[in-house]
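>>> I'll drop the sequence and a predicted model, then ask my questions.
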Amino acid sequence: MPLKADLDAIDWKILRELQNEGRVTNVELSRRVGISAPPCLRRVKRLEDAGVIQGYRAQLNGPALGFDVVAFCQVGLQHQSEADLKAFADRTRNWPIVRRAWMVSGDSDFLLHCVATDLVTFQTFVIEELTSAPNVDTVRTALTIRQVKDEGPVAIG
């Protein structure tokens with residue numbers, strides 16, 4: 001499968017290190033990937049400018065902050081015109097409980113990753129917001145029991 005970005009072995013090393021530890025200093029990053037600091041910084045900047053690196057953020061511990069419920073919702077719409085799909089996608093951006101959302105193929109149109117403080121909050125969202133949203137036909141929910149893997153979003157060898 002052809003890559004969409006022109007990356008060499010050093011770029012891949014940089015991406016692997018940053019995905020594992022986004023707060024690493026440029027000096028330490030350059031040491032880990034085997035180049036000096038100035039070209040390492042230029043490479044990171046090039047990867048950012050090309051959109052390969054989209055941003056940096058802290059990974060928070062939801063349960064430690066009181067967010068104990070993680071669930072997935074499969075949402076089917078009554079109509080799937082481009083305008084209908086866009087309208088629902090826009091609506092997901094306004095729901096704080098929805099942390100990630102994907103338009104999908106198959107039996108559903110969207111897959112929502114939801115995080116809530118408790119089951120009542122999640123149930124209220126599903127009943128009062130999600131199922132009553134315009135054009136929503138079906139909603140299937142799956143409450144998670146335990147997270148068993150948490151890796152970066154891209155598998156880098």
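Received, thanks.

>>> and this protein, split by domain according to the record?
With domains defined by automatic domain parsing, the chain comprises 9-49, 63-143.

>>> and these as TSV, adding mean neighbour count, mean pLDDT and distance to G55?
All C-beta atoms are positioned from the backbone trio N, CA, C, and that covers glycine. Formatted as TSV, the domains of the chain follow (neighbours: other C-beta atoms under 10 Å; pLDDT from 0 to 100; distance: least, C-beta to C-beta, whole Å):
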stretch	mean neighbour count	mean pLDDT	distance to G55
domain 9-49	15	96	8
domain 63-143	15	97	14
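
>>> could you dump those into JSON lines and include distance to V154?
Converted to JSON lines, the domains of the chain look like this (distance: least, C-beta to C-beta, whole Å):
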{"stretch": "domain 9-49", "distance to V154": "7"}
{"stretch": "domain 63-143", "distance to V154": "15"}
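
>>> need phi/psi at G76.
When read as degrees, to the nearest 10, the backbone of G76 gives phi -110, psi 130.

>>> thinking again about what came up before, right, so of the domains of the chain, which gets closest to R57?
Of all the domains of the chain, it is domain 9-49 that lies closest to R57, at 7.5 Å by C-beta to C-beta.

>>> does V69 touch T121 like I think?
Yes. Counting by C-beta atoms under 8 Å, T121 is a contact partner of V69 at 7.3 Å.

>>> contacting residues around the nearest residue to A37 once chain neighbours are set aside?
In space, and not counting its chain neighbours, A37 is closest to S30: 4.4 Å by C-beta to C-beta, 6 or more residues apart in numbering. Contacts were defined as C-beta atoms under 8 Å, 6 or more residues apart in numbering; by that measure S30 touches 36-37, 39-41.

>>> how about S30, secondary structure?
helix (DSSP: H, G, I helix; E, B strand; the rest coil).
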